[in-house]
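Student: here's my sequence, what's the structure:
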Amino acid sequence: MVNDSVDIGKRLRNLRKMRNTPLTKLSEETGMSYSYLSGLENGKHSISITNLQKLSAYFEVDLIYFLAPDNGEEAIFIGKEDRQCVTTDDGVSFKVITPGKAERLQVTLVDLPSHSPSERSIHHHKDGEEFITVIKGKLFVMVGEKNYELGKGDSVFFRASLGHVMYTEDEPALFYLIVSPPYGKVL
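Tutor: As a prediction, the model looks like this:
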C-alpha cells in the first residue's frame, strides 16, 4: 500500500527529467501506455506494485525512492550574500556555505592570510572526514607525520581523528574545507 502523502508521479517525472528520458521512450520500453504514464505523473492514476517494480528496475533505483515519505525539503539555494562570515582578529575569514539544516556535511570557504595562523595548534575530532581543496594560493596541511603542500586545484582527504594542522607561509590561501559530519554534530 502506497502512502497517500507520497507523490509517485512527481518523483517519476523528476527522475525521468534527470535521466532525460522522454515519456514516449519510457512507454515503449516498459510496456506501460503513454496515457497511463502521463496520468500517473499528473496525479490522475494510481500505481500497482508490479508497475512500481518495473519503473524501479527501468531507472535502476531502489523501490524506496518512490515510497519514502517526503521530508518537505528540496534543494536549498544559497546565494553568496546568504553565507555566514566570520573574520578573526588575525584576518582569517570563514564563510560557512552549507545551511544550518545540513546534518551530514559542512562546506566552509576559508581565506587564510600569509603566515597564518601565528600559532599552529593541532586539530582532531572524534569522528568524521575532512576534505580540503585549494582555489588560490598555497596551503600547507600536516596530517599525522606527513606534510602536504597544496597549490591551486590540489586536494587532500583524511580522517578527522588524525591530528592535523593547516597553515600558510609566504603566500595566502583560499580553500574549501569540507567536513562530515559538520563540526559539533554526531552522525
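
Student: am I right that Leu150 is in contact with Leu139?
Tutor: Yes - counting by CB atoms under 8 Å, Leu150 touches Leu139, with 4.7 Å between them. Glycine gets a C-beta too; all of them are placed from N, C-alpha and C.

Student: what residues are shared contacts of those two?
Tutor: Taking CB atoms under 8 Å, 6 or more residues apart in numbering as the contact rule, Leu150 and Leu139 both touch 132, 173, 175.

Student: contact partners for the residue most central in space within the chain?
Tutor: Most central residue of the chain, judged by C-alpha distance to the mean C-alpha position with CA atoms, centre = their mean, is Leu105 at 6.6 Å. Residues near Leu105 by CB under 8 Å, 6+ apart: 98, 178-182.

Student: and what of Ser114?
Tutor: 168-172.

Student: double-check that it belongs to a helix.
Tutor: No - Ser114 is assigned coil when assessed by DSSP: H, G, I helix; E, B strand; the rest coil, not a helix.

Student: roughly how far does it sit from Val165?
Tutor: Going from Ser114 to Val165 by CB to CB, to the nearest Å gives 16 Å.

Student: same thing with Gly151?
Tutor: For Gly151, the distance to Val165 - CB to CB - is 18 Å.

Student: likewise Asn14?
Tutor: Counting by CB to CB, the gap from Asn14 to Val165 is 44 Å.

Student: do the same with Arg120
Tutor: On the measure of CB to CB, Arg120 and Val165 end up 5 Å apart.

Student: nearest spatial neighbour of Leu139, skipping sequence neighbours?
Tutor: In this structure, Leu139 finds its nearest non-sequential neighbour in Ala173, 3.9 Å apart by CB to CB, 6 or more residues apart in numbering.
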